[in-house]
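Enquirer: After the sequence you'll find the predicted model.
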There are 2 protein chains.
Amino acid sequence: MTTKQARSKRATVHDVALEAGVSRGTVSRYVNGERYVSAAAREAIEAAIEKVGYVPNTAARNLVMQRTQAVGFIVHEPHSLFVEDPNIGEILLGANTRLSEADHQMAVLIVDTERDTDRVARYLSGGLVDGVIIVSARADDPVTRVVERLQLPAAYVGHPPGAAGSASFVVIDNVGAASSITRRLVETGRRRIGMIAAALDRDSGADRLTGFREALGDAFDESLVEPVPLYSYSAGRDGMRRLLERAPDLDGVFAASDAVAAGAIEAIKETGRSVPDDIGVVGFDDSAWALRTTPALSTVRQPAAGLGAEAARLVLARLRGDEPAAEVRLDCDIVWRGSA
Amino acid sequence: MTTKQARSKRATVHDVALEAGVSRGTVSRYVNGERYVSAAAREAIEAAIEKVGYVPNTAARNLVMQRTQAVGFIVHEPHSLFVEDPNIGEILLGANTRLSEADHQMAVLIVDTERDTDRVARYLSGGLVDGVIIVSARADDPVTRVVERLQLPAAYVGHPPGAAGSASFVVIDNVGAASSITRRLVETGRRRIGMIAAALDRDSGADRLTGFREALGDAFDESLVEPVPLYSYSAGRDGMRRLLERAPDLDGVFAASDAVAAGAIEAIKETGRSVPDDIGVVGFDDSAWALRTTPALSTVRQPAAGLGAEAARLVLARLRGDEPAAEVRLDCDIVWRGSA
DNA sequence: TGGCATTCTGTGTACGTTCACAGAAATTGG
DNA sequence: CCAATTTCTGTGAACGTACACAGAATGCCA
């Protein structure tokens, strides 16, 4: 009952005005730190606020101000992200830091089940946030549709889906990173290098293949590229089996993701070969897989905090109305472990 | 400028009413799915909504309804949680699932820097959420103070700080889990078992020692307990060094956390001993440390999703006004790996 | 046809702010 | 000491919704 009383009794600016013997306007001016409030009024108001325990109602303020100083951070596919991918935490922190500097509140919204989808869409369309950062967006998602329909200022981490034409986004330089790590592989003396190329229908997949090709230049051999549909362990294992059958003299392989690489290592060991002595393997993502394999994977680490920070910067820019829409491409680091 | 237009033009319930040739009240009734709206009105309204692109303004609704159907999920110390501790993701998902079932929106708020603290406190006090779930709360935190002052319905994951007397919270059964894993160690044949007891000033630390003592019963030897201040790697390493000097015949050790255990393993190896052949080591938390050590740690896994779900349940109960305040204690699993 | 319940609709007010505006009080200057 | 500023204050509107209430339309039955 104490709770109930406390909640219904929430003091308003009106109560403060009454207590202090001034008007609502004056209290409002004091609270917002404006000029033109006399010393006498100031003191009276301070005392009154303390006495009645006043805290401003942000919902009411948002309503009249038509902005919230908040941006949503939407996370799709949370299971794979939070459990498998250590990057999401750093992306969150990077974004939060940047938003915090601009005095904006970040609210992370998780889209897991079907129900979440509609609820989050309502939340966004309800004017509770000024803008939104989105990771792993899907084209057919109600959330994405709402964002487009309302033209909510948005920044995507990764490529925006489908026809989100004029959206800002930040991606890693897949081409450059794939090229770098392939060159590292060459530098270790590998001569017959193949690639398990996953998800070629996605930009990330296609770009990693492009980088691989660029790095090898004339030495590139089409027949050493094994396309697989998904970034998965089993796809990597099966693809590697086929590749080894076709090219038994392989001495290096670039897997399009760590999961794929883990599968590839499994397939290599099946044939009695050793990693890295017979075949050097490199992956991509520096996900949880990278430390689970034996030996640990050499792989590409995404600048996770940077992705978050840049996404935040982009959405803030759109909020201010500067810069119409932009895309940012970030470089990656390479972490060299035992697998190559 | 398109953006600007779209944002200022947001259609209201009034626009829909005008377009459909009915009144605000009727539109409101339709939107909220109430009875008493004629077929003719229904059709006209549906067409009008489609035409003007109306979406309800949640902020306005929240203001008049005096509730938001949203609960905040506050994460303190995000660096250590998101980077080191894989549990936080599952806690989030567990909570989200439960809240989603009750048709509540979860908004994760990260408290990292000093600035975040005040901003989040304002956010919470502004009536933007009905309740709140808090992990790693601190007593001196403005956020905690606001929650107490406003008597905001809250549920803590872990013990609530200081004088948060009447708060709900969910904790793991530290005593039981420590006791279980110690017994497992005994069952493997260890006879001289020590403990690196960290953070005895915290409930978690004290409880883990209690469990350890319980499990050993008469065999408990006070001199084999080495207290260290923090749950850290270096504390574990230093503590283990002292313990080994005092009791060179040790054949098992229970470290109060995985980080402590990792440090202990380091110290053991320094002396030329082997893990697990000479000394079996077990940890607590199943954090990222557990897979980094060689051999991998046997440890206690927290029921992370359960913690989140229970916290959500508790806060929902307080929201409804049922159950005044409750504490829940959850059992843990043990994962047995190579270190013991 | 009249009475009465039922279904439907419109209007006014409230939620707790901010802001524009008008006007009062205090201050300045010639 | 009066006019012209500057500082201060109160009032009324608006933000976009929900809800209570009154009243209109319809259906039903005697």
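Expert: Thanks, I have the structure now.
Enquirer: Okay, buried residues for stretch A:327-340 please.
Expert: Buried positions in stretch A:327-340, judged by neighbour count with 16 or more other Cβ atoms under 10 Å in any protein chain shown: A:328, A:330, A:332, A:335, A:337, A:339, A:340. Glycine gets a C-beta too; all of them are placed from N, C-alpha and C.
Enquirer: and the closest residue to the third one other than its chain neighbours, what does it touch?
Expert: Spelled out, that is residue A:332. Leaving out its chain neighbours, the residue that sits closest to residue A:332 by Cβ to Cβ, 6 or more residues apart in numbering or on different chains is residue A:177, at 4.0 Å. Going by Cβ atoms under 8 Å, 6 or more residues apart in numbering or on different chains, residue A:177 touches A:208, A:211, A:284, A:300, A:331, A:332, A:334.
Enquirer: of all those residues, which comes closest to residue B:108?
Expert: Distances from residue B:108 to those, taken as Cβ to Cβ, are shortest for residue A:332 (26.7 Å).
Enquirer: That closest one is in contact with residue A:172, isn't it?
Expert: Yes. Under the criterion of Cβ atoms under 8 Å, residue A:332 makes contact with residue A:172 at 5.4 Å.
Enquirer: Check the contact lists of these two and give me the overlap.
Expert: Applying Cβ under 8 Å, 6+ apart, one finds that residue A:332 and residue A:172 are jointly contacted by A:302, A:303.
Enquirer: Let me see the ranges of the strands in the stretch 1-150 of chain A.
Expert: Taking DSSP state E, counting those that start in this stretch as the criterion, the stretch 1-150 of chain A contains strands spanning A:70-76, A:105-111, A:131-135.
Enquirer: Of the ones you listed, which is nearest chain B?
Expert: Proximity to chain B (Cβ to the nearest Cβ) singles out strand A:105-111 among the strands of the stretch 1-150 of chain A, at 3.5 Å.
Enquirer: and the angle from the closest one to strand B:105-111?
Expert: Angle between the axes of strand A:105-111 and strand B:105-111 is 140 degrees (criterion: axes from the mean of the first three to the mean of the last three Cα atoms, to 10 degrees).
Enquirer: so of the contacts of residue A:177, which ones are in strands?
Expert: The strands, defined by DSSP state E, take in A:300, A:334 from those.
Enquirer: Just checking stretch A:38-53 against chain B, any contact.
Expert: Yes. Using Cβ under 8 Å from any Cβ of the partner chain, stretch A:38-53 reaches chain B at residue A:53.
Enquirer: Next one: residue A:208 relative to residue A:285, how far apart?
Expert: According to Cβ to Cβ, to the nearest Å, residue A:208 and residue A:285 sit 11 Å apart.
Enquirer: So for those two, which residue has more residues nearby?
Expert: Ranked by neighbour count (other Cβ atoms under 10 Å in any protein chain shown), residue A:208 and residue A:285 place residue A:208 first, with 29 against 25.
Enquirer: Quick check: the more buried one touching residue A:284?
Expert: Yes. Contact criterion Cβ under 8 Å: residue A:208 and residue A:284 qualify, at 6.5 Å.
Enquirer: Would you mind grabbing the residues shared as contacts by those two?
Expert: Common contacts of residue A:208 and residue A:284 (Cβ under 8 Å, 6+ apart): A:177, A:178, A:254, A:256.
Enquirer: Get me the contact residues on chain A for DNA strand D.
Expert: Counting by Cβ under 7 Å from any atom of the strand, chain A comes close to DNA strand D at A:17, A:21-26, A:29, A:35-41, A:60, A:63-64, A:66.
Enquirer: domain ranges for chain A?
Expert: Per automatic domain parsing, the structural domains of chain A span A:2-56, A:70-172+A:305-331, A:174-301.
Enquirer: Looking at these, which is nearest to residue B:143?
Expert: Between the domains of chain A, domain A:70-172+A:305-331 lies closest to residue B:143; by Cβ to Cβ that is 12.5 Å.
Enquirer: any idea how far residue A:266 lies from DNA strand D?
Expert: From residue A:266 across to DNA strand D, the span is 55 Å (Cβ to the nearest atom of the strand, to the nearest Å).
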